[in-house]
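Novice: Output the structure for:
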Amino acid sequence: MRRLAANVLARHARLDVLVNNAGALYSTRQFSAAGIELGPVRK
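Specialist: Below is the predicted model:
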């Protein structure tokens, strides 16, 4: 994470959003009342 942050800061003035688990695929998505994604739904 520190190396990623250093690389981003070296190339860009700012970063508005960092996407974690970008490679993960889930069949269902769940959102809070505010519209924030809560993560995978466990069954």
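
Novice: ok, the nearest residue to R29 once chain neighbours are set aside - contacts?
Specialist: What sits nearest to R29 in space, not counting adjacent residues and going by CB to CB, 6 or more residues apart in numbering, is E37, at 6.1 Å. The way it works is simple: take the backbone N, C-alpha and C, and place the C-beta from them, glycine included. Contact partners of E37, counting by CB atoms under 8 Å, 6 or more residues apart in numbering, are 29-31.

Novice: What pLDDT does the model give E37?
Specialist: pLDDT for E37: 84.

Novice: just to revisit the earlier point, just the buried subset of the contacts of E37, please.
Specialist: Among those, not one is classed as buried by 16 or more other CB atoms under 10 Å.

Novice: Would you mind measuring from the residue nearest to R29 to F31?
Specialist: According to CB to CB, to the nearest Å, E37 and F31 sit 6 Å apart.

Novice: now swap in D16 and tell me
Specialist: 20 Å.

Novice: and what of H12?
Specialist: 28 Å.

Novice: what about S27, how many neighbours?
Specialist: Neighbour count of S27, defined by other CB atoms under 10 Å: 7.

Novice: what do you get for I36?
Specialist: 9.

Novice: give me phi/psi at it?
Specialist: phi -90, psi 130 (degrees, to the nearest 10).

Novice: check contacts around it.
Specialist: I36 neighbours (CB under 8 Å, 6+ apart): none.

Novice: What's the separation between it and A6?
Specialist: In terms of CB to CB, I36 sits 28 Å off from A6.
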